[in-house]
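> using only what follows, build the 3D model:
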Amino acid sequence: MKLGFIGTGNMAGAIMGGVIKSNVFKPEEIIGADLFAPGREKVKELYGINVTDSNKEVIEKSEVVIFSVKPQFYADVIQEVKDLVRPEQLIITIAPGKTLAWLAEQFGKDVKIVRTMPNTPAMVGEGMTAATPNEHVTKEELDYACKILSAFGKVEVVTEHMMDAVVAVSGSSPAYVFMFIEAMADAAVAEGMPRAQAYKFAAQAVLGSAKMVLETGKHPGELKDMVCSPAGTTIEAVGVLEEHGFRSAIIDAMKACVDVAKGM
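Numbering: from 1, shown residues only. Predicted coordinates for the structure are as follows:
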């Protein structure tokens, strides 16, 4: 196998789907381990990959291994497999709070590690992933890891001290955006719009607005001003949002997110 997964949950499934769809790997080149039988059988059925209940088997059979278990299980999983990790093997982690130094201490030997933080839009091929390698990863190996990560969205290499900020600005932020879409849709429903249609209008507005930021290169404030006509509807709405601390609430929420990430 070329690519292995320890853990076959939602994020692992998103990555599997992305790399297969992008022809980075074929299904028969991927193996996933999960103690939860329904979980591993689900990805086997969806993506046609090989599955097992043995984490050790994944390490033994894979060139690149993605650790896609919850952060609280990392220590136990690493303890189980560390003696089998080979010097040439590339390990990709996706756990918030688990630093390269902590990971190195757990493995207790020189291991090639790329620490990453993807987000759930990877499930629709629009993920945003940050990656930071340790000193044992070569440029070619980092490029290869980024090729894998870009199969389900965009990837940026960052310095490790930025990873907690990444958790807040992209790892957790889809939840904030979903709340925003839900609130806009609720308001539209209150005005008489059918709910399914309200979700479509709200979600497409967010999608289109994000695309404008990425493709025009304009400052978000400048794009906001383009919508705010003098004495118009939009500037009135913006004023209400400011009265309720819209931006400061988001900033405070992200600070709380960072604080939790640092303590994990």
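
> from here on, contacts and neighbour counts on C-alpha atoms
Noted.

> tell me what the lowest-mean-pLDDT helix or strand in the chain is packed against?
Ranked by mean pLDDT, DSSP states H and E, the weakest helix or strand in the chain is helix 10-21, scoring a mean of 92. Packing partners of helix 10-21 (3 or more Cα pairs under 8 Å, 6 or more residues apart in numbering; DSSP states H and E): helix 37-47.

> okay, buried residues for the helix it packs on please.
By neighbour count on 16 or more other Cα atoms under 10 Å, the buried set for helix 37-47 is 39-41, 43-44, 47.

> let's have those residues in CSV, adding pLDDT.
Below are the buried residues of helix 37-47 laid out as CSV (pLDDT from 0 to 100):
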residue, pLDDT
Gly39, 93
Arg40, 94
Glu41, 95
Val43, 96
Lys44, 96
Tyr47, 96
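
> now those residues in CSV, with distance to Ser150?
Output for the buried residues of helix 37-47, formatted as CSV (distance: Cα to Cα, whole Å):
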residue, distance to Ser150
Gly39, 24
Arg40, 24
Glu41, 26
Val43, 20
Lys44, 22
Tyr47, 18
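
> just to check, Lys98 is in contact with Phe73?
No. Lys98 is not in contact with Phe73 according to Cα atoms under 8 Å; the separation is 11.1 Å.

> the lengthiest helix in the chain: what's the following helix or strand?
Longest helix in the chain, counting residues (DSSP state H): helix 195-216. Following helix 195-216 in sequence order, the next helix or strand is helix 220-227 (DSSP states H and E).

> can you give the contact residues for the helix or strand just after that following helix?
Where DSSP H and E defines the elements, the next helix or strand beyond helix 220-227 is helix 233-243. Residues outside helix 233-243 that contact it (Cα atoms under 8 Å, 6 or more residues apart in numbering) are 227-229.

> ok, and the most crowded of the residues you listed?
Among the contacts of helix 233-243, Cys228 has the most neighbours (other Cα atoms under 10 Å), with 16 neighbours.

> who touches that residue in this structure?
234-235.

> go on, Ser229?
Ile235.

> same question, the one 3 residues further on
Taking Cα under 8 Å, 6+ apart, we find Gly232 in contact with no residue.

> how close does it sit to Met226?
Gly232 is 12 Å from Met226, where distance means Cα to Cα, to the nearest Å.

> check Glu160 too.
Distance of Glu160 to Met226, given as Cα to Cα: 36 Å.

> the more surrounded of those two?
Between Glu160 and Met226, Glu160 has the larger neighbour count (other Cα under 10 Å), namely 18 against 9.

> just give the nearest non-adjacent residue to that one, would you?
Closest residue in space to Glu160, ignoring its immediate chain neighbours: Thr132 at 5.9 Å, by Cα to Cα, 6 or more residues apart in numbering.

> what helix or strand is the one you found on?
Assessed by DSSP H and E, Thr132 sits inside strand 127-133.
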